[in-house]
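Student: I'll drop the sequence and a predicted model, then ask my questions.
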Amino acid sequence: DSGVTQTPKHLITATGQRVTLRCSPRSGDLSVYWYQQSLDQGLQFLIQYYNGEERAKGNILERFSAQQFPDLHSELNLSSLELGDSALYFCASSVGAGVSYNEQFFGPGTRLTVL
Amino acid sequence: AQKVTQAQTEISVVEKEDVTLDCVYETRDTTYYLFWYKQPPSGELVFLIRRNSFDEQNEISGRYSWNFQKSTSSFNFTITASQVVDSAVYFCALSEAPSRGSEKLVFGKGTKLTVNP
């Protein structure tokens, strides 16, 4: 158990809908990363937050947005869903960012199926 | 730009065979980190090893060993005497230096290893 929790574990929805994925980092971790694992794109970095602020952005679609709240949990919002958004979404957390290397600990993932 | 290439999409071996998973990376940074992760059929990502760019010593952990060669930009992973439980998708990943502000991981496409009894 990495200490990172993600809810829900599975999500099935329809095209055009909007969903929210939630991630609670390990206690004490300030950084949260989101990754998407799809058949087409493989495992790719989406976005990182550090202590409530956006720190780095990857291949995140404009239909997707994220935020990190004062209690450090993070939410990834996916809107106008398309079939191609079906994927396993991972959250990872680490202590900090930008000084010395900080290990990332991965949550179990949320499997999103868009029908 | 950073890139990780795992040329082997799928490998199938018979139990007790040795198997090597290849990983080639590209980066312009002099400080970087390399990783291997295992993703069993259950789907979670299991961390196996991290190596920094200044540490070229090979590492052995039980039946697992890693060969890091900066000269060829490779970080290969060998499983000795493979077992059925080793069946999984294995990912190689690269992270840039923390001083760049983010340790986001760049993953290869993964190698699916099937160990048959």
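Tutor: Sure, I can see it. Numbers count the residues shown, from 1 in each chain, chains lettered A, B, ... in the order given.
Student: leaving aside the residues next to it on the chain, what's closest to the residue nearest the centre of chain A?
Tutor: Nearest to the geometric centre of chain A sits A:W34, at 3.0 Å (CA atoms, centre = their mean). Leaving out its chain neighbours, the residue that sits closest to A:W34 by CB to CB, 6 or more residues apart in numbering or on different chains is A:L46, at 4.3 Å. Where you see a C-beta, it was placed from the backbone N, CA and C, and this is true even at glycine.
Student: Assess the claim that that neighbour and A:L76 are in contact.
Tutor: Yes. Using CB atoms under 8 Å, A:L46 makes contact with A:L76 at a distance of 7.4 Å.
Student: Just want to know which of the two has more residues nearby.
Tutor: Per other CB atoms under 10 Å in any protein chain shown, whichever of A:L46 and A:L76 has more neighbours is A:L76, with 24 against 21.
Student: close to chain B, is the helix or strand hosting the more buried one?
Tutor: Using DSSP states H and E, A:L76 sits in strand A:74-78. No. Contact of strand A:74-78 with chain B (CB under 8 Å from any CB of the partner chain) is absent, the minimum separation being 14.6 Å.
Student: Just the mean pLDDT for that strand, thanks.
Tutor: Across strand A:74-78, pLDDT averages out at 98.
Student: Tell me what B:N52 is bridged to.
Tutor: Beta bridges link B:N52 to B:Y33, judged by DSSP bridges.
Student: So which bits of chain A are right by chain B?
Tutor: Residues of chain A lying close to chain B (CB under 8 Å from any CB) are A:33, A:35, A:42-45, A:48, A:55-56, A:58, A:88, A:90, A:94, A:97-106, A:108-109, A:111.
Student: What subset of these is buried?
Tutor: When neighbours are counted using 16 or more other CB atoms under 10 Å in any protein chain shown, the residues of chain A next to chain B contain these buried positions: A:33, A:35, A:43-45, A:48, A:55-56, A:58, A:88, A:90, A:94, A:97-98, A:101-102, A:104-106, A:108-109, A:111.
Student: now the strand holding A:L76, how far from the centre of its chain.
Tutor: 7 Å (CA atoms, centre = their mean, to the nearest Å).
Student: cool, and stretch A:106-114?
Tutor: Taking the mean C-alpha point of stretch A:106-114 and that of its whole chain, the gap between them comes to 9 Å (CA atoms, centre = their mean).
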